[in-house]
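Peer 1: Model the structure of this input:
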Amino acid sequence: MIWYVLLVAAVAVERVAELVVARRNLAWSKAQGGVEFGARHYPIMVVLHTALLVGALVEVIGLHRPFLPALGWPMLAIVIAAQGLRWWCITTLGQQWNTKVVVIPGAPRITGGPYRFFSHPNYVAVIAEGIALPLVHTGWITALVFTVLNAALLRTRIRTENAALASLS
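Peer 2: Predicted coordinates:
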């Protein structure tokens with residue numbers, strides 16, 4: 001069980017690292033004339049992603065969820081792959097990457113890296129992680145609730161991003 005707590009803690013540390021990068025990139029983007037879109041839904045996203053981490057721990061510890069190797073090991077592999085995809089997105093976008101939706105007028109749209117395969121590859125990582133992280137230790141309630149709420153949030157977020165990206169044209 002302790003290793004699962006450490007796994008969730010490692011994901012939390014990774015999230016903090018993302019926020020540090022995002023804050024630095026936001027300052028750079030604003031200095032370049034960047035315009036933020038969809039600021040109203042951002043706090044909801046922060047709460048939901050924090051709730052994923054808390055919910056995974058509360059469910060697994062509070063409900064004594066077992067580790068089932070046939071489920072847990074593949075889910076752990078997906079969590080690791082999701083982190084790899086997320087950081088591939090971050091490095092591909094460079095200073096233009098952010099946890100907020102910010103576009104720089106006149107900047108070219110990035111179509112390399114994972115963006116040549118998917119319009120929104122970071123959300124593939126988010127979806128995969130939101131399902132897999134709780135299921136590493138059979139936290140199916142957290143996986144289900146996060147997935148449903150995240151689908152609603154992503155609907156808004158992707159519409160916002162698409163509108164922001166269209167403004168680049």
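
Peer 1: And the contacts of stretch 110-125?
Peer 2: 82-83, 85-86, 88-89, 91-93, 96, 154, 157-158, 161-162 (CB atoms under 8 Å, 6 or more residues apart in numbering). For the C-beta atoms, the positions are set from N, CA and C on the backbone; glycine is no exception.

Peer 1: Now, of these, which are buried?
Peer 2: 82-83, 85-86, 88-89, 92-93, 96, 154, 157, 161 (16 or more other CB atoms under 10 Å).

Peer 1: In a markdown table, list those residues along with secondary structure.
Peer 2: Below are the buried ones among the contacts of stretch 110-125 laid out as a markdown table (DSSP: H, G, I helix; E, B strand; the rest coil):
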| residue | secondary structure |
| --- | --- |
| Ala82 | helix |
| Gln83 | helix |
| Leu85 | helix |
| Arg86 | helix |
| Trp88 | helix |
| Cys89 | helix |
| Thr92 | helix |
| Leu93 | helix |
| Gln96 | helix |
| Leu154 | helix |
| Arg157 | helix |
| Glu161 | helix |
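
Peer 1: List the residues that contact the spatially most central residue of the chain.
Peer 2: Nearest to the mean C-alpha position of the chain, counting by CA atoms, centre = their mean, stands Val126 at 4.0 Å. Contact partners of Val126, counting by CB under 8 Å, 6+ apart, are 82, 86, 150, 154.

Peer 1: For burial, what's the neighbour tally of Trp28?
Peer 2: By other CB atoms under 10 Å, the residues close to Trp28 number 16.

Peer 1: which residues sit in contact with the closest residue to it other than its chain neighbours?
Peer 2: Excluding its sequence neighbours, the residue lying closest to Trp28 (CB to CB, 6 or more residues apart in numbering) is Gln95, at 4.9 Å. By CB under 8 Å, 6+ apart, the contact set of Gln95 is 25, 28-29.

Peer 1: Sounds good, over and out.
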